[in-house]
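A.B. asks: One predicted model, sequence on top.
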Amino acid sequence: MKFIVCLKYSLVLLLFTVMGCDQVSNSQTFTIGKESTFRINQLYTSTDGQNTLQITEINDSRCPDGVECFWAGEISLKGEWVGSGSKVPVELYSLTAGQQKMPDGFTIQIVDAKPYPKNGVVTKPEDFVITLLVQRK
């Protein structure tokens with residue numbers, strides 16, 4: 001009888017352990033030194049667990065398909081980086097690199113932003129998938 005009770009408790013404990021592991025595997029991460037995708041207002045943690053990045057604003061001034069523009073436009077992002085116990089504002093631009101704000105010891109580059117704008121179609125910020133390359137200096 002005691003064996004069956006112990007077995008039941010062991011199975012319940014195993015079930016909770018497996019459920020807890022599943023939640024960890026669904027966390028959103030990025031790898032320093034590799035391209036990773038990001039979405040607005042979601043918190044991403046580096047795979048080493050030492051840094052987080054959250055994009056809070058996306059602006060897309062790229063020239064839409066089907067339109068002739070004087071300037072190609074660019075994607076710009078604002079967000080927050082947390083690392084080494086401090087919060088740092090982040091500002092990234094796909095073309096005008098001189099205005100960027102990045103955390104000390106790192107570079108962050110916009111590699112891609114999808115979807116590409118189309119004439120007459122409004123893209124909501126939550127629809128964007130941004131590919132960034134985060135590297136150590």
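C.D. replies: Received the coordinates, thanks.
A.B. asks: Can you name the residues that contact the residue nearest the centre of the chain?
C.D. replies: With distances taken as Cα atoms, centre = their mean, F38 lies nearest the centre of the chain, 2.9 Å away. If you count contacts by Cβ atoms under 8 Å, 6 or more residues apart in numbering, F38 has them with 30, 44, 53, 55, 129-132. All C-beta atoms are positioned from the backbone trio N, CA, C, and that covers glycine.
A.B. asks: Scan the residues you listed and report the most crowded one.
C.D. replies: Neighbour counts for these, by other Cβ atoms under 10 Å, peak at L53, which reaches 25 neighbours.
A.B. asks: mind listing the strands for the protein?
C.D. replies: Remark: strands assigned in the chain by DSSP state E are 29-30, 35-38, 43-46, 51-60, 75-83, 86-93, 106-114, 129-136.
A.B. asks: Mind putting those strands into a markdown table with distance to V67 and mean pLDDT?
C.D. replies: A markdown table is the format used below for those (distance: least, Cβ to Cβ, whole Å; pLDDT from 0 to 100):
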| stretch | distance to V67 | mean pLDDT |
| --- | --- | --- |
| strand 29-30 | 33 | 96 |
| strand 35-38 | 27 | 97 |
| strand 43-46 | 33 | 97 |
| strand 51-60 | 13 | 96 |
| strand 75-83 | 17 | 96 |
| strand 86-93 | 21 | 95 |
| strand 106-114 | 17 | 95 |
| strand 129-136 | 22 | 96 |
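A.B. asks: Figure out which of those strands is closest to T123.
C.D. replies: Shortest distance between T123 and the strands of the chain, using Cβ to Cβ, is found for strand 51-60: 6.8 Å.
A.B. asks: Residues in contact with stretch 123-132: which ones?
C.D. replies: If you take Cβ under 8 Å, 6+ apart as the criterion, stretch 123-132 is touched by 30, 35-41, 53, 55, 57-58, 60, 75, 77, 92, 108-115, 117.
A.B. asks: Show me just the buried residues among the residues you listed.
C.D. replies: 30, 36, 38-40, 53, 55, 58, 60, 75, 77, 92, 108, 110, 113, 117 (16 or more other Cβ atoms under 10 Å).
A.B. asks: Only alpha carbons, please: show stretch 77-96 as CSV.
C.D. replies: Extracted in CSV, the C-alpha atoms of stretch 77-96 (Å, rounded to 0.1, in the frame of the first residue of the first chain):
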residue,chain,number,x,y,z
LEU,A,77,13.9,50.6,-33.4
LYS,A,78,13.9,51.7,-29.8
GLY,A,79,14.1,49.5,-26.8
GLU,A,80,15.8,48.6,-23.6
TRP,A,81,18.9,46.4,-22.9
VAL,A,82,19.5,45.1,-19.4
GLY,A,83,22.9,43.7,-18.6
SER,A,84,25.4,43.9,-15.8
GLY,A,85,22.7,45.2,-13.4
SER,A,86,21.9,48.3,-15.5
LYS,A,87,19.2,49.4,-18.0
VAL,A,88,20.4,51.0,-21.2
PRO,A,89,18.2,52.6,-23.8
VAL,A,90,18.8,51.2,-27.3
GLU,A,91,18.2,53.0,-30.6
LEU,A,92,18.9,51.3,-33.9
TYR,A,93,18.7,52.5,-37.5
SER,A,94,19.2,50.4,-40.6
LEU,A,95,20.9,53.2,-42.5
THR,A,96,21.9,56.2,-40.3
